[in-house]
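here is the input, now give the coordinates:
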Amino acid sequence: MLVAIAPFATAQTTLTNTPTGAIASNAHPDLPDSPGALFSSSSNSTDATSNAADPNDAPSSDQTPAASTPKHAAHLQMVVHPGEIADPMTVHDKVVGGIKDSVSLFSALGWIFSAGYEQATNGSPNYGTNSTAFGKRFGAAVARGVSEGIFSESLFAPLFHQDPRYYVMGPGHPFFKRLVYAGTRTIITRNDNGHLAPNFSLIAGNAAGSALTIVYYPSINTTGTQVAETIGTSLGGSAVGYVVNEFIIDALVDLHLKKKQPQP
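Below is the predicted model of the structure:
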């Protein structure tokens, strides 16, 4: 079964646009997992001491214009774009964010797509192909998507101290490079300190949500082999979600549904 596409769309800590001259000394613009993004220090971060910027490197007030907060659509608030600074997430941010993510617009679209695809192919969960079967598949997609999102972001992201947000590489890079980058975020992420790490929170969350399907899937789809396949399709669905996050703004601009944002 194709997992619901839920590209981590939740509430997050404040994002601000900052000019190049105002980059803090603790910024990590070279992080492979956040190309073009700046990782700022935060007085609210539990790691504030190690991340604190040197006051001597701070720009003077006349060099830094007032910061503005981008107005992201609700289903894109967990996406950090090039040039934006994302403060470290607290445990509360992740718990609340994971819950909100489970009912985001992208999540709902993913449920519909997943149920429709499996209805057309009569795939797992095997409810048949009539109208009743579609309703059952949709309900199963909702249960699976919600559980995987909450497990990944609200439970395992805090436990593993990992940042569940997606950092857009952006149009300044080749298409294929961006595609590979987005698809591999299912297995590569960064910890709260900005260091690269295996994406334990997403993998564990998808595994836990897939294991939970034995409660509501048909018995034919609850064997060990079937659960393993469900985990695989969950990770595949997450990869698709990351690709959507990477290119959605470009697509909206190309369709003239959104104005092109100036590059920092």
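
in contact with Tyr147, which residues?
For residue 147 the amino acid is Ser, not Tyr. Contacts of Ser147 were listed using Cβ atoms under 8 Å, 6 or more residues apart in numbering, and they are Ala208, Gly209, Leu212. To be clear about C-beta, it is placed using only N, CA and C from the backbone, and glycine gets the same treatment.

helix or strand: which one has Asn206?
Assigned by DSSP states H and E, Asn206 belongs to helix 200-211.

hang on, the earlier thing: just give me the closest of the contacts of Ser147 to Ala120.
Lowest distance from Ala120 to the contacts of Ser147 (Cβ to Cβ) belongs to Gly209, with 23.1 Å.

please point out which parts of stretch 172-185 sit buried.
Buried positions in stretch 172-185, judged by neighbour count with 16 or more other Cβ atoms under 10 Å: Arg178, Tyr181, Ala182, Gly183, Arg185.

how about the nearest residue to the last one, chain neighbours excluded?
Right, the one you point to is Arg185. Closest residue to Arg185 in three dimensions, ignoring its sequence neighbours and counting by Cβ to Cβ, 6 or more residues apart in numbering: Tyr242, at 4.6 Å.

if I look at the one you found, how far off is Ser124?
Using Cβ to Cβ, to the nearest Å, one obtains 23 Å as the distance from Tyr242 to Ser124.

who has more neighbours, these two?
Set side by side, Tyr242 and Ser124 show more neighbours around Tyr242, with 24 against 21, by other Cβ atoms under 10 Å.

most neighbours out of the contacts of Ser147, which is it?
Sorting the contacts of Ser147 by how many neighbours each has (other Cβ under 10 Å) puts Gly209 first, at 23 neighbours.

quick one: the strands in the protein?
In chain order, the chain shows strands spanning 15-17, 79-80, 84-86, 162-163, 166-167, 188-191, 196-198, with DSSP state E as the criterion.

ok, and what's touching the helix holding Asn206?
Helix 200-211 has contacts (Cβ under 8 Å, 6+ apart) with 3, 144-145, 147-153, 155-157, 159-160, 162, 164, 186-187, 189, 227, 230-231, 234-235, 238.

with only the CA atoms kept, save that helix in PDB.
These are the backbone C-alpha positions of helix 200-211, laid out as PDB (Å, rounded to 0.1, in the frame of the first residue of the first chain):
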ATOM      1  CA  PHE A 200      16.100   7.200  13.200                       C
ATOM      2  CA  SER A 201      12.900   9.100  14.200                       C
ATOM      3  CA  LEU A 202      11.200   8.700  10.800                       C
ATOM      4  CA  ILE A 203      12.300   5.100  10.300                       C
ATOM      5  CA  ALA A 204      11.200   4.100  13.800                       C
ATOM      6  CA  GLY A 205       7.900   6.100  13.400                       C
ATOM      7  CA  ASN A 206       7.000   4.400  10.100                       C
ATOM      8  CA  ALA A 207       7.900   1.000  11.500                       C
ATOM      9  CA  ALA A 208       5.700   1.600  14.600                       C
ATOM     10  CA  GLY A 209       2.800   2.900  12.500                       C
ATOM     11  CA  SER A 210       3.100   0.000  10.100                       C
ATOM     12  CA  ALA A 211       3.200  -2.500  13.000                       C
END
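
this completes my enquiry, with thanks.
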